[in-house]
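> The sequence and its predicted three-dimensional model are supplied below.
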Amino acid sequence: MEVLGLILMYGIVFPIIISVITYNKLVKGRNKVRSTFSSIDIYLKKRKNLIHNLVEVVKGYSQHEYQTLVNVIKQRGGNNSDAAINFKAVAEQYPNLKADAQYQQLMNELTDLEDEIADTRLACNKATRKYNDRVLSFPTNLIAKMFHFKEEIYYKADGENLDEITQVKF
């Protein structure tokens, strides 16, 4: 009886337990790959919206500052020669303009977002490599074939319309 119990345990129960554990690891790996791919799509949409919104804010702020300077120059002298002569004397009295800070903020936010996208792409390809290693390695590949787990493709930036998304025009 003991021999029969050992045969059942090592011949049937143990392989079933290993198969269930392997199957669950494959499911988790596939889900992680799909999740990171989805995260990249979210970041790309965020990038497109962020660029558009920030550019519009900076344009508006720049236009406001331009109008402010034009109005100050008109009020101070009326013509360009008077404005040029008086420029040094009244430079301290000009309004504090901040468009350059807005441009810098735009660049910092774009840089941060691009770093996040690059990090997510790396995480995606790392998850894909780990999952593919499991799908292709023995003995996990036996369970993968049995349950139709397929090798996943690595993320490539080729699918993005990079010119449309990242080009910033003022």
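Perfect, thanks for sending it. Numbers count the residues shown, from 1 in each chain.
> going forward, measure contacts and count neighbours with C-alpha atoms only.
OK.
> Show me the helices in this protein, by range?
Assigned by DSSP state H, the helices in the chain fall at 2-8, 14-76, 80-90, 99-136, 140-146, 162-166.
> Which stretch among these approaches Tyr155 most closely?
helix 99-136 (6.2 Å; C-alpha to C-alpha).
> ok, Thr22 to Ala127 distance?
16 Å (C-alpha to C-alpha, to the nearest Å).
> Give me the below-cutoff pLDDT ranges for the protein.
Applying pLDDT under 70 to the chain flags the ranges 77-100, 158-170.
> tell me, what residue is most central in it?
Ile117 (2.6 Å; C-alpha atoms, centre = their mean).
> any idea how far that one is from Arg129?
For Ile117 relative to Arg129 (C-alpha to C-alpha), the value is 18 Å.
> Leaving out sequence neighbours, find the closest residue to Thr120.
Leaving aside its sequence neighbours, Thr120 sits nearest to Ile40 (C-alpha to C-alpha, 6 or more residues apart in numbering; 6.3 Å).
> Surely the one you found touches Asp119?
No: judged on C-alpha atoms under 8 Å, Ile40 makes no contact with Asp119 at a distance of 9.5 Å.
> The two: who's more crowded?
Ile40 (20 against 12; other C-alpha atoms under 10 Å).
> show me the contacts for the more buried one.
Ile117, Thr120, Arg121 (C-alpha atoms under 8 Å, 6 or more residues apart in numbering).
> Rebuild the residues you listed as TSV, extending it with distance to Pro139.
Output for the contacts of Ile40, formatted as TSV (distance: C-alpha to C-alpha, whole Å):
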residue	distance to Pro139
Ile117	35
Thr120	30
Arg121	29
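> which one of Thr22 and Ala127 has more residues nearby?
Set Thr22 next to Ala127 and count neighbours by other C-alpha under 10 Å: Ala127 wins out with 23 against 19.
> State the distance from Ile143 to Arg129.
Taken as C-alpha to C-alpha, the span from Ile143 to Arg129 is 18 Å.
> do Ile17 as well
On the measure of C-alpha to C-alpha, Ile17 and Arg129 end up 25 Å apart.
> swap in Asn24?
17 Å.
> between those two, which one's more packed in?
Shown here are Asn24 and Arg129; by other C-alpha under 10 Å, Arg129 has more neighbours (18 against 12).
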